[in-house]
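S.K.: starting from these lines, generate the structure:
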Amino acid sequence: MMNTITAAKAIVEVMVREGVEKAFCVPGESYLSVMDAMYDYSEIELISGRQEGGVSFMAEGYAKATGKVGVCFATRGPGATNLSIGLHTAYQDSTPVVAFIGQVESNFRGKEGFQEIDLPEYFKHIVKWTAELREPERVPELVHRAFHIARSGRPGPVLISLPENILNEVAEMEFTKSDTSVYSLPRPSIDAVEKAKKLLEEAKRPVIIAGGGVTHTKSASELVKVAESINSPVVSAFRRFDAFPNHHSHYVGSLGLGTPKYLIDFIQSADVVLALGTRFSQITSQDYSLINVESKLIHIDISEGELNKIYRPELGVVSDVKSFLIDLLSVTEKGFNNTLIKKNYVQNVREEYEKFSTPQPIDGETTVNLDGMMHDLNSVLPEETILTSDAGNFFGWMYRYYSFKREGTYIGPTSGTMGYGLPSAIGAKLAHPARPVIAFAGDGGMMMTIQELETCVRNKIPVIVIVVNNNMYGTIRMHQEKNYPNRVIATDLTNPNFAELMKIMGGDGVLVENNKDFAPALEDALSSQVPFLIEVKADPEHISVGKTMEELREMSQRKAFS
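M.R.: Now for the predicted structure:
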């Protein structure tokens, strides 16, 4: 179908054909014509945020929550560099995002024009693909290609640079049919599946590591059947908690920062490791030391570039994770014979996990005991609640104690970026308006994107925010006390009353200073129709789940004299 329209309108037309329903932006002059074109398309809701970093997190969180491609817009120069934080997050998390960034007029390029940056060159290391629009008639080709690249293979972010003058040019555009589909999910060969089955039948101590390939393909139910059929424990990769129901008898823990010794020892003693859709990041692999060289690794990933990158597998299979699990089930259901696994093999490590991960209902009177808070979260929150998180030491309590019972209930950055919790919750709530969505943040990360509270209020997005406030950059302070005891510099903070700030913004909020008030505040938040913030006053001395600051100083002194 041929249409003679502007490049700006053609971009929006392709977005509609790609099924885009939500897009996120900070308005900018350099792509104003695209915004104007959206005015005529009721199919797409354009949500404007207050800072491009927050906007990129919204798009990334929305993509994770829906499984669709997230879309965001920013203007050139400062807008682009602000947006880059979310694109880097999307790259490390394998999240499909398409970013459109306005650019200096094409005839001014190379002259260091106003806010000029060579966008494809700047972004090429943190996105899958970049392009700059130079001919208006190529919009359908380039934009459809961007969506295809974002969602295919190992998903990730792509970027298109939009010179301002090109957007207003009129050209004859050729559009393909809107129902065009590309099937790009490879299946394993039957030989690969049979070899995987044979290795697992010969295992005495098997373990499954479930990564982003499981969460992206929503394959938790298939994984449960596989784990039960081969009698293997399951471990989730870093910040992929909901890849497997945490209350299931075969779930034995998650890899991350502060991974307990029982879990590392268990994986290193495994004779067969089935890794599903994980790139063995630095955190998941415990600084690339996790897998024993004697272990036989079966590595399944949709990207051949992830195989042999960190560990050399006994069997590497390029496959969509869901397809592999379905095919493995089809052969194990015909017969799976493993008599080598000891009777209580799974049960023993599960008991270790339960000892480690069960929070106690401890009450704090002048501050909130975070163990007790996690006990209340597990007790009060519905199973379908979506939790998003920031980076920081507060997260250690979620990592250790919160039980994710359903897939699609956790959204967090494997890149460890701060400021992520609130904006990603906005994206998740827009994706699932009927489900509770809670952003879990520390005071340091919260202040990085706190302006997006106004975005919640203005757009009537009733997210719940829990801010754990100890008036410091807790993670850095922990390392400071561990490595340079009693030499505190730059890690102390002061903060506003977050709950009152939420009220000033137009939402509701409450300051909680003891445990008995937390559960009632949470129940009020769940029934609220407006954005609701719970500020939790935390004890700054209790710097991490397992250590106080005094204990860290003592450890450091003992190390110095040893």
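S.K.: next, the contact list for Arg239, please.
M.R.: Gly256, Ser389, Tyr410, Gly412, Pro413, Thr414 (CB atoms under 8 Å, 6 or more residues apart in numbering). Just so you know, the C-beta spots here come from the backbone N, C-alpha and C atoms, and that holds for glycine as well.
S.K.: how near is it to Met38?
M.R.: 33 Å (CB to CB, to the nearest Å).
S.K.: any regions of this structure where pLDDT drops low?
M.R.: Counting by pLDDT under 70, the chain shows low-confidence ranges at 1-2, 108, 111, 115, 177-183, 557-562.
S.K.: please enumerate the helices of the stretch 201-350 of the chain.
M.R.: Using DSSP state H, counting those that start in this stretch, the helices of the stretch 201-350 of the chain run over 212-216, 220-230, 261-268, 321-332, 345-357.
S.K.: helices or strands next to the third one in the packing?
M.R.: Which is helix 261-268. Judged by 3 or more CB pairs under 8 Å, 6 or more residues apart in numbering; DSSP states H and E, helix 261-268 is in contact with strand 206-210, strand 251-254, helix 345-357.
S.K.: the fourth one too?
M.R.: Judged by 3+ CB pairs under 8 Å, 6+ apart, the packing partners of helix 321-332 are helix 190-201, helix 212-216, helix 220-230, strand 272-276, strand 296-301.
S.K.: next: the second one.
M.R.: With contacts defined as 3+ CB pairs under 8 Å, 6+ apart, the secondary structure elements packing on helix 220-230 are strand 206-210, helix 321-332.
S.K.: what comes up buried for stretch 44-60?
M.R.: 44, 46-47, 49-60 (16 or more other CB atoms under 10 Å).
S.K.: what's near enough to touch Thr259?
M.R.: Applying CB under 8 Å, 6+ apart, the residues near Thr259 are Gly253, Gln286.
S.K.: the same query, at a cut-off of 10 Å, please.
M.R.: Under the criterion of CB atoms under 10 Å, 6 or more residues apart in numbering, the neighbours of Thr259 are Val235, Phe238, Gly253, Ile267, Ile283, Thr284, Gln286, Leu290, Tyr399.
S.K.: can you lay out these as TSV showing distance to Ala275 and neighbour count?
M.R.: Converted to TSV, the contacts of Thr259 look like this (distance: CB to CB, whole Å; neighbours: other CB atoms under 10 Å):
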residue	distance to Ala275	neighbour count
Val235	10	30
Phe238	13	24
Gly253	15	26
Ile267	10	23
Ile283	15	17
Thr284	9	26
Gln286	14	19
Leu290	10	22
Tyr399	20	22
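S.K.: just to revisit the earlier point, need the helices and strands packed on helix 261-268 in CSV with distance to Tyr311, can you?
M.R.: Formatted as CSV, these follow (distance: least, CB to CB, whole Å):
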stretch, distance to Tyr311
strand 206-210, 11
strand 251-254, 19
helix 345-357, 22
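S.K.: Pro423 is nearest to which of the ones you listed?
M.R.: Nearest to Pro423 among those is strand 251-254 (23.8 Å), distances taken as CB to CB.
S.K.: still on that earlier bit, so of the buried residues of stretch 44-60, which ones are in strands?
M.R.: Per DSSP state E, strands hold the following members of those: Leu46, Ile47.
S.K.: so which of the buried residues of stretch 44-60 comes closest to Met373?
M.R.: For the buried residues of stretch 44-60, the nearest to Met373 is Phe57 (24.3 Å; CB to CB).
S.K.: which positions within stretch 498-512 qualify as buried?
M.R.: So stretch 498-512, judged by 16+ other CB under 10 Å, has buried residues Phe498, Ala499, Leu501, Met502, Met505, Gly507, Asp508, Gly509, Val510, Leu511, Val512.
S.K.: ok, stretch 525-539 next?
M.R.: Neighbour count says stretch 525-539 has Ala525, Val530, Pro531, Phe532, Leu533, Ile534, Glu535, Val536, Lys537, Ala538 buried, by 16+ other CB under 10 Å.
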